[in-house]
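S.K.: Here is a sequence with its predicted model. Questions after.
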Amino acid sequence: MFQVRVHGRGGQGAVTAAELLSVAAFLEGRYAQAFPSFGSERTGAPVVAFCRIDDRPIRVREPVTRPDALVIQDATLLHQVNVFEGLVPGGSVLINSPNSPDELGLATLTGRILTVPATALAVRHLGRPVPNLVLLGGLAALTGCVTIDALTTAVRDRFPGGLGTANAAAAEEAYDHIRVQREESAHAQAD
């Protein structure tokens, strides 16, 4: 089972991200579930959403405590919440930031940690700073948990018309951004 935990703030679309990730997995013929966990429902408050993907029916229903991947929609959460709690060894982390993991002070962490300027991509494609679906494109490239085709289909189905097209384009750009970072990282490790 592949488990994802999405950390964000109210209004950034963490719940929608987890839901659409599960829909993309379902479109690929797999089992999936998504659900949120949050306290007060106010814009800016920390929000956590979860997604599980498997090839077999999923029976567990509690929050994801041992994620295989983390999506951090707001880098300020790195200093306010223990977002890395329970991350499996060698797990993947995708952070919405124009800065590198080293610049964010994460050089000592192990595992695959990459960043993508998701807010900037969202503003360019959508005209709004909503990074959720952009980050899903990056997550697809980082982990392979879903294909970019299934993800963009889920996005276009959920948001028909121009909004879906713009979100899909932003997700595809993030996918390419992370794919390039992974290739550069692999070349650097080979040298």
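M.R.: Cool, got the structure. Residues are numbered from 1 along each chain as shown.
S.K.: so Ala141 makes contact with Glu172?
M.R.: No: counting by CB atoms under 8 Å, Ala141 sits too far from Glu172 to count as a contact (9.7 Å). Heads up, the C-betas are built off the backbone N, CA and C, glycines and all.
S.K.: got any residues that touch both of the two?
M.R.: Ile148 (CB atoms under 8 Å, 6 or more residues apart in numbering).
S.K.: quick check: longest helix of this structure.
M.R.: Secondary structure of the chain per DSSP state H: the longest helix is helix 162-190.
S.K.: list the buried ones in that helix?
M.R.: Residues of helix 162-190 classed as buried by neighbour count (16 or more other CB atoms under 10 Å): 164, 166-175, 177-179, 181.
S.K.: ok, now stretch 138-149?
M.R.: Gly138, Leu139, Ala140, Ala141, Leu142, Thr143, Cys145, Val146, Ile148.
S.K.: got it, and stretch 87-105?
M.R.: Across stretch 87-105, burial judged by 16+ other CB under 10 Å covers Leu87, Gly91, Ser92, Val93, Leu94, Ile95, Asn96, Ser97, Pro101, Leu104.
S.K.: Just give me the closest of those residues to Ile53.
M.R.: Using CB to CB, Ser92 comes nearest to Ile53 of the buried residues of stretch 87-105, at 13.5 Å.
S.K.: Wait, the closest one touches Leu142, no?
M.R.: Yes: taking contacts as CB under 8 Å, Ser92 lies within contact range of Leu142: 5.1 Å.
S.K.: Common neighbours of those two, please.
M.R.: The contact sets of Ser92 and Leu142 overlap at Ala69, Arg112, Leu114 (CB under 8 Å, 6+ apart).
S.K.: Was I right to think the first one contacts Ala140?
M.R.: No: applying CB under 8 Å as the test, Ala69 and Ala140 come out as separate, 10.5 Å apart.
S.K.: need the helices for the chain, in chain order.
M.R.: Using DSSP H, the helices of the chain run over 14-27, 118-126, 132-143, 148-158, 162-190.
S.K.: Just the pLDDT at Glu85, thanks.
M.R.: pLDDT, Glu85: 93.
S.K.: where are the low-confidence patches of this structure?
M.R.: 38-43, 108-111, 187, 189-191 (pLDDT under 70).
S.K.: check contacts around Gly44.
M.R.: Arg9, Gly10, Gly11.
S.K.: ok, and the most crowded of those residues?
M.R.: When neighbours are counted by other CB atoms under 10 Å, Arg9 leads the contacts of Gly44 with 19 neighbours.
S.K.: ok, that one to Arg112 distance?
M.R.: Distance of Arg9 to Arg112, given as CB to CB, to the nearest Å: 24 Å.
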